[in-house]
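Undergrad: Sharing a model that was predicted from the sequence below.
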Amino acid sequence: MKRTTKSILAVGAIALISAGVAGMTSYKFLQSRIAASEDSFHEIFQQNPNVKLASFDMTNAQPIDLTQAADIAVHAVVHIKSTQQSKTVTQDVQDPFGDPFSFFFGDRGPQQRQYRTQPRVGFGSGVIISKDGYIVTNNHVIDGADEILVKLNDNRELKGRVIGADPSSDLALVKIEGDDFPTLPIGDSDALKVGEWVLAVGNPFNLTSTVTAGIVSAKARTLGIYGNSGIESFIQTDAAINQGNSGGALVNARGELVGINAVLSSPTGAYAGYGFAIPTSVMTKVVSDLKKYGTVQRVMLGVEGMALAGNGAMLGDQPLDKSGVTLEQKRKELGSNDGFWVRKLVDGGSAAGADIKVDDVIIGIDGKKIQSFADLQGILAQHRPGDKVQVKLLRAKKEMTVPVTLKNAQGNTKIQKEEGMEILGAAFKPLSGEQKRQLGLSNGLEVTGVTAGKMADAGVRKGFIILQANGQPMKQVSDLEDALKSAVKSPDQVLFLTGVFPSGKKAYYAVDLSQKEE
């Protein structure tokens, strides 16, 4: 029995040793095969030896802690309820059973009908940026609101008033009365890196104080949602942003505000992977202007052109102009695949007064790289008229830097202050139904009084009926106010009025809205 046991043990030991040798041999063989495979790969694909790996210490690796940043943010993010009250609206209607030729024989034309609109309520978010109650939010959150109610994280409810709004950047400044409110420290959005952790804090679907986490997916994104006059240089994030998050905070891991959540990109209206925030580099300048001047001070570089990067897939081999040159050919000719290609200079613009020429490629401003139109917009949105910047150019494939003094849309360096209807020095009221009937008019604003101001300077007299202002029909006083705001921001700064006097005499006036040098 003992001999048998010893024999079995000996056989087992031999088998174990044999298996170990076989395993070691197999491992050595497999290792040599892998090494040969790796050698073959690196021989075929030559990688850049200067690329550095991300530093990672397995022993000290810990999940990133966002709890402190979230705790700071939720107290400074508020819920905003904006209400538009019911209004009486007058609408022109044509009698479908009336004589279609009656208008040509002196009939009064379309009939007018009045109806009341339903109250409208919207919800969004905002961020307290000063202890005395200034709140930044999106313009679309408060646009048209007759009443604003702000709810704090501690459930206090306070009435808010709009200090100023800027549709071009979709930002607005709201004020609540009080002191010692919690605030969020302002971070440097330019220092954000793609892949960095961020939090989206707001009130989606009226769920107050909601925090979601994600990373910065991209920077300087443009979506084309604000039209030609819009300022778009968004931070893209995959932190969940839904309806109600608008105006809320995008916060970095240190608890600093780096963006104002503004846009949800989704085919369904709910979160589908990406949201977009306005960077603080743009926000801080816009709200500072709104508080100090009542309007945003904008600069125009005065160039027309296109970004060389990002348009290749869209344009393909299509010619850029009548010469037949394609984008790829132009890139080779200019010596760059990115940057902003200058195709035209605007008369009186900032670039026309500096050493910038057609076919220059703008590749940087004040040390910041320009790769896309969004980069250019984002940097210019941080400046005011009169600021001096250093523009880095590529001309004839050679780099150079030129100084540029930035101007506004009017071609000067003056600071523009918000001017209301008071600058006109006149009073207005919509025509009554009886006046419309007697004069055969469907709309118009009557000048009921004129004092010292722009109207008197232009020769406008009491009793004049304004039918159009800069080509827009005048039905309500708010129509004239809108036309005035647009005219003040235009290069000409002129309000062209078309109208009649009660006697039937037609009249035309050009109201100069330009401001005198202080």
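TA: Received, thanks. Residues are numbered from 1 along each chain as shown.

Undergrad: Give the buried residues for stretch 398-406.
TA: 402, 404, 406 (16 or more other CB atoms under 10 Å). Just so you know, the C-beta spots here come from the backbone N, C-alpha and C atoms, and that holds for glycine as well.

Undergrad: can you give me the helices for the stretch 51-200 of the chain?
TA: 67-76, 139-142 (DSSP state H, counting those that start in this stretch).

Undergrad: Just say which of these is most tucked in.
TA: Most buried of the helices of the stretch 51-200 of the chain, by mean neighbour count (mean count of other CB atoms under 10 Å): helix 139-142, with a mean of 22.

Undergrad: what does it rub up against?
TA: Residues from elsewhere that reach helix 139-142, judged by CB atoms under 8 Å, 6 or more residues apart in numbering: 80, 82, 122, 124-126, 148, 162, 165-167, 169-172, 174, 246-247.

Undergrad: Could you dump the helices of the stretch 51-200 of the chain into a markdown table and include distance to Gly440?
TA: A markdown table is the format used below for those (distance: least, CB to CB, whole Å):
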| stretch | distance to Gly440 |
| --- | --- |
| helix 67-76 | 58 |
| helix 139-142 | 40 |
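
Undergrad: Ala220: which of those helices is closest?
TA: helix 139-142 (20.8 Å; CB to CB).

Undergrad: hey, C-alpha coordinates of the closest one in PDB?
TA: The C-alpha atoms that make up helix 139-142 are tabulated as PDB, following Å, rounded to 0.1, in the frame of the first residue of the first chain:
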ATOM      1  CA  ASN A 139     -33.100  86.000 -22.500                       C
ATOM      2  CA  HIS A 140     -35.600  83.500 -23.700                       C
ATOM      3  CA  VAL A 141     -36.500  82.600 -20.100                       C
ATOM      4  CA  ILE A 142     -37.800  86.100 -19.300                       C
END
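
Undergrad: Let the chain start at 41 from now.
TA: OK, 41 is where the count begins now, so the last one is helix 179-182.

Undergrad: buried set for stretch 167-186?
TA: Neighbour-count burial for stretch 167-186 [16+ other CB under 10 Å]: 167-169, 173-182, 185.

Undergrad: now the strands for the stretch 391-540 of the chain?
TA: Along the stretch 391-540 of the chain, the segments classed as strands by DSSP state E, counting those that start in this stretch run 401-405, 408-409, 428-435, 438-445, 466-470, 485-490, 505-509, 512-513, 534-540.

Undergrad: partners of the fourth one, with directions?
TA: Read that as strand 438-445. strand 428-435 (antiparallel) (DSSP bridges).

Undergrad: So what touches the partner strand?
TA: Applying CB under 8 Å, 6+ apart, the external contacts of strand 428-435 come out as 374-376, 379, 394, 396-397, 399-407, 410, 423, 439-446.

Undergrad: Then stretch 377-395?
TA: Residues from elsewhere that reach stretch 377-395, judged by CB under 8 Å, 6+ apart: 339-349, 370-371, 374, 396-403, 410-413, 416, 431, 434, 442-447, 451, 531.

Undergrad: Let me know the closest of the buried residues of stretch 438-446 to Ala109.
TA: Leu446 (35.6 Å).

Undergrad: mind checking pLDDT for the closest residue in space to the closest one that isn't next to it in sequence?
TA: Excluding its sequence neighbours, the residue lying closest to Leu446 (CB to CB, 6 or more residues apart in numbering) is Val339, at 3.9 Å. On the pLDDT scale, Val339 is placed at 93.

Undergrad: Touching, Val339 and Leu420? I think so.
TA: Yes. Counting by CB atoms under 8 Å, Leu420 is a contact partner of Val339 at 5.6 Å.

Undergrad: Who are the contact partners of Val339?
TA: When contacts are counted by CB under 8 Å, 6+ apart, Val339 touches 390, 420, 423-425, 427, 446-448.

Undergrad: Would you point out the most distant pair within these?
TA: Counting by CB to CB, the most remote pair of the contacts of Val339 is Ser390 and Arg424, 12.2 Å apart.

Undergrad: burial count for Ala394?
TA: Number of residues near Ala394 (other CB atoms under 10 Å) recorded here: 18.

Undergrad: That should have said Val534, apologies.
TA: Residues within reach of Val534, counting by other CB under 10 Å, total 16.

Undergrad: what sits opposite it in the beta ladder?
TA: For Val534, the beta-bridge partners are Asp552 (DSSP bridges).

Undergrad: ok, it to Glu344 distance?
TA: Noted for Val534: a distance of 23 Å to Glu344, by CB to CB, to the nearest Å.

Undergrad: again, but for Val117
TA: Relative to Glu344, Val117 is positioned 40 Å away (CB to CB).

Undergrad: Next up, identify which helix or strand the residue nearest to Ser257 when sequence neighbours are not counted is on.
TA: Closest residue to Ser257 apart from its sequence neighbours, by CB to CB, 6+ apart: Gln276 at 4.4 Å. Element membership of Gln276 [criterion: DSSP states H and E] is strand 274-277.

Undergrad: what about that strand, distance to the chain center?
TA: Between the centre of strand 274-277 and the centre of its chain there are 11 Å (CA atoms, centre = their mean, to the nearest Å).

Undergrad: returning to what we had before: so which of the helices of the stretch 91-240 of the chain is nearest Asn483?
TA: Across the helices of the stretch 91-240 of the chain, Asn483 has its closest neighbour in helix 179-182 (28.0 Å, CB to CB).

Undergrad: and of the strands of the stretch 391-540 of the chain, who's closest to Asp519?
TA: Judging the strands of the stretch 391-540 of the chain by CB to CB, what sits closest to Asp519 is strand 512-513, at 6.5 Å.

Undergrad: before we move on, the earlier item: turn the strands of the stretch 391-540 of the chain into CSV, including distance to Ile455 and mean pLDDT.
TA: Listed next are these as CSV, based on distance: least, CB to CB, whole Å; pLDDT from 0 to 100:
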stretch, distance to Ile455, mean pLDDT
strand 401-405, 21, 95
strand 408-409, 24, 92
strand 428-435, 15, 95
strand 438-445, 14, 95
strand 466-470, 26, 92
strand 485-490, 29, 92
strand 505-509, 25, 95
strand 512-513, 27, 93
strand 534-540, 20, 94
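
Undergrad: Out of these, the one nearest Asn90 is which?
TA: With distances scored as CB to CB, the stretch of those nearest to Asn90 is strand 408-409 (19.6 Å).

Undergrad: Which stretches in the stretch 91-240 of the chain count as strands?
TA: Under DSSP E, counting those that start in this stretch, the stretch 91-240 of the chain gives strands at 117-124, 128-133, 151-156, 160-168, 174-177, 187-191, 197-206, 211-216, 237-242.

Undergrad: comparing those, which gets the lowest mean pLDDT score?
TA: It's strand 128-133: among the strands of the stretch 91-240 of the chain, that one has the lowest mean pLDDT, namely a mean of 66.

Undergrad: ok so, going back, so if I had to pick from Val117 and Glu344, which one is more boxed in?
TA: Each of Val117 and Glu344 has its neighbours counted (other CB under 10 Å); Val117 has more, 31 against 13.

Undergrad: Find the nearest non-adjacent residue to that one, please.
TA: Nearest residue to Val117, sequence neighbours excluded (CB to CB, 6+ apart): Val241, at 4.7 Å.

Undergrad: Equivalent analysis for Gly287, please.
TA: Thr177 (3.4 Å).

Undergrad: which residues pair with that neighbour across the strands?
TA: Here Thr177 sits in beta bridges with Ala212, going by DSSP bridges.

Undergrad: re earlier: mind checking the helices of the stretch 91-240 of the chain for the one nearest to Glu236?
TA: Of the helices of the stretch 91-240 of the chain, nearest to Glu236 by CB to CB is helix 107-116, at 12.1 Å.
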